[in-house]
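J.: Sequence below, structure please.
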Amino acid sequence: MGPKVEEVELDQSFRLGKAPVDVEKPPLGEEDIDEKEQIIKAIGGWGKWQLQRCILITIIIWLPASFHLLNMVFYTDKTDFWCRRPENSNYSVKDWKELTHAKTTDEFNQTKYDACLVRYPDQEDDNFVKCEEFEYDRSFWQSTIIMDFNLVCERAPWIKFTQQMTFFGLMCGVLTAGLISDRFGRRPSMLVLLLTLVVAGTASSFTTNYPSFLVSVWFCGFSSIGYGTVMYCWMMEHISGNHKTVMGAVPHYCFGFWGLVTPLICYLVPNWRQLQLIFSVPCLVLSLAYFYIPESARWLLTNGKTKEAEDLCREIARVNGRDLGSSFKLQTKNTTSEKQRGSGFLGIFQLFKNSNLRRKTLICYFLWFATALTYYGLTLNSNNLGASVFIYVAIGKILEFPAITIVILLLLRTGRRWTLMVFYTLGGISLMLILLIPLNTYPYEWPIVALNLFGRVCSIGTLAVCYIYSSEIFPTVVRNVGLGSSSLWARVGPMVAPFVAMLAVYDERLPAIFFGVISLIAGFLVTFLPETSKTPLPDTIEESEKQGEGDTFWRNFRRKD
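T.: Prediction:
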């Protein structure tokens, strides 16, 4: 599953499984000139030039984000620890625990040691005291952030801040990447964001305290998602039709591939500081794309660089085998058309003025929140399960490839509403079934792990559909702000996930069951959304208000009866 882009203008050609609809346009030079449309007509919606650039983009677009999102799963992997033994002592770890640590017995009559409270051999009284220094089991992990920053005992709750700061960085990156690239251009923005990632990631490997580490991972999250966001935007501005649909989904495969590489690297290099360098410094190679990917033709035209945009269009057309002729000129619009008004940040208030659009907006917000909460909650807190975190993450990433393919096929055959209902319901039921499976009964808790993985596969499918569904529900005048505000809730979900994971203190199954309940609620709310696969995209608030009026799953169900 890959991160989503909100600042991309989506038109009717983005509709999955549908070719772009020819709409009669006024002559060039009038107010309603669409910069993208005239550029696409000149260079073609797909050709050799786009193919060459899109192959490169597909390989690298979410590489930084994959590394700097999934790394926290391994950096916070749990290891055994105990209160530090005296220097030059001959105590074995087992004897030291038995002699000094507080003991408890679990429901299976197994002895557990509390390393936070100890009673030293030379102590004058028999009271337990708080341990101040710790030793860690380094039989596999040479170093994790838990070890280096002593995130145990009363500091253990601080671990969740790693995930929260990363996703707070993602949230800021998603909201500002479009603004940065609109102001300074797609090409320089990609380069600056990439260099920021390299610097922040490298600096994080040398941090000596937890607060400075959190600051560095915020920058990593901000720049990695921003880099992919701007690159995705650039790609969407140069293709159209069904190719735009396909290339809109392909980055999910990229995210899955590099997500699969991440646990392999972490297994081979079990040291978080070295891993940060591996995940950051080699990304400098990606800066070579700066010399291969030109500035966006649409951005050039929009920002008054008409001559440069025309030259780029001629070059693209030449590679694509199209002859534009010496008289080819691009037109710019001098005023803002009525269709575009209200698409700024304040346009968010227009989403709540009318009852039908308000209902659809609130449901979309919850769907994005539920999907991201479930997917990242199951993925990033997978080290709470009994199975190997490496195996769990790797299998989950492998399963994402067929999941995205199935989503595309279902969208073509059944539409948006049914696809979301099926994935939310199946995912929710699978996670709820975990309640029926007893703990400590099966090797590696394999039934629980299997149901977790199935729930995760369903959640990656729902995220892909949510983006397409939302783009068809929000009208053109507020589509960007609608998608942007929806994505905001998709970042809030993973920030809440660590708190949900804390339910494992009471029962290790509770977090997954909670995610299952959220998924089932989302599946129920989908039934009140209209089916949009066979309706024209709304342009105005009024058209969106009328879109699917009275069209719910329940009303259609009664009609069939």
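
J.: Just give me the neighbour total for residue 488.
T.: 17 (other C-beta atoms under 10 Å). (Each C-beta comes from the backbone N, C-alpha and C, glycine too.)

J.: so where does it fall, helix or strand?
T.: Here residue 488, judged by DSSP states H and E, is contained in helix 479-501.

J.: distance between that helix and the chain's centre?
T.: For helix 479-501, the separation from the chain centroid amounts to 10 Å (computed by C-alpha atoms, centre = their mean, to the nearest Å).

J.: Can I get it in CSV, CA atoms only?
T.: Written as CSV, here are the backbone C-alpha positions of helix 479-501 (Å, rounded to 0.1, in the frame of the first residue of the first chain):
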residue,chain,number,x,y,z
ARG,A,479,-12.0,18.3,-5.0
ASN,A,480,-8.4,19.1,-3.9
VAL,A,481,-9.4,20.4,-0.5
GLY,A,482,-11.8,17.5,-0.1
LEU,A,483,-9.1,15.0,-0.8
GLY,A,484,-6.6,16.9,1.3
SER,A,485,-8.8,17.1,4.3
SER,A,486,-9.7,13.4,3.9
SER,A,487,-6.0,12.5,3.9
LEU,A,488,-5.5,14.6,7.1
TRP,A,489,-7.7,12.0,8.8
ALA,A,490,-5.7,9.2,7.2
ARG,A,491,-2.7,10.6,9.1
VAL,A,492,-4.6,11.0,12.4
GLY,A,493,-5.5,7.3,12.3
PRO,A,494,-1.9,6.0,12.6
MET,A,495,-1.2,8.6,15.3
VAL,A,496,-4.0,7.1,17.4
ALA,A,497,-2.9,3.5,16.6
PRO,A,498,-0.1,3.3,19.4
PHE,A,499,-2.8,4.1,22.0
VAL,A,500,-4.9,1.3,20.7
ALA,A,501,-1.9,-1.0,20.8
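
J.: I'd like the mean pLDDT over that helix, please.
T.: In this model, helix 479-501 has an average pLDDT of 82.

J.: Stretch 243-256 too?
T.: Stretch 243-256 comes out at a mean pLDDT of 78.

J.: before we move on, the earlier item: the helix or strand that comes right after the helix holding residue 488 to helix 479-501, inter-axis angle?
T.: Toward the C-terminus, helix 479-501 is succeeded by helix 510-526 as the next helix or strand (DSSP H and E). Interaxial angle, helix 510-526 versus helix 479-501 (axes from the mean of the first three to the mean of the last three C-alpha atoms, to 10 degrees): 150 degrees.

J.: pull the CA atoms of helix 510-526 into PDB?
T.: Once non-C-alpha atoms are left out, helix 510-526 reads as follows in PDB (Å, rounded to 0.1, in the frame of the first residue of the first chain):
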ATOM      1  CA  LEU A 510      -7.800  -6.500  21.900                       C
ATOM      2  CA  PRO A 511      -6.000  -4.100  19.500                       C
ATOM      3  CA  ALA A 512      -6.900  -6.300  16.500                       C
ATOM      4  CA  ILE A 513     -10.500  -6.700  17.700                       C
ATOM      5  CA  PHE A 514     -10.800  -2.900  18.100                       C
ATOM      6  CA  PHE A 515      -9.600  -2.500  14.500                       C
ATOM      7  CA  GLY A 516     -12.200  -5.000  13.500                       C
ATOM      8  CA  VAL A 517     -15.000  -3.100  15.100                       C
ATOM      9  CA  ILE A 518     -13.800   0.100  13.400                       C
ATOM     10  CA  SER A 519     -13.700  -1.700  10.000                       C
ATOM     11  CA  LEU A 520     -17.300  -3.000  10.400                       C
ATOM     12  CA  ILE A 521     -18.500   0.500  11.300                       C
ATOM     13  CA  ALA A 522     -16.800   1.800   8.200                       C
ATOM     14  CA  GLY A 523     -18.400  -0.900   6.100                       C
ATOM     15  CA  PHE A 524     -21.900   0.000   7.500                       C
ATOM     16  CA  LEU A 525     -21.400   3.700   6.700                       C
ATOM     17  CA  VAL A 526     -20.400   2.900   3.100                       C
END
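
J.: was I right about residue 116 contacting residue 153?
T.: Yes: judged on C-beta atoms under 8 Å, residue 116 makes contact with residue 153 at a distance of 3.9 Å.

J.: anything in contact with each of these two?
T.: Shared contacts of residue 116 and residue 153 (C-beta atoms under 8 Å, 6 or more residues apart in numbering): 130-131.

J.: Now stretch 142-150: buried residues?
T.: Neighbour-count burial for stretch 142-150, counted by 16 or more other C-beta atoms under 10 Å, picks out 143-150.

J.: And these, which is closest to residue 223?
T.: Nearest to residue 223 among the buried residues of stretch 142-150 is residue 145, at 19.7 Å by C-beta to C-beta.
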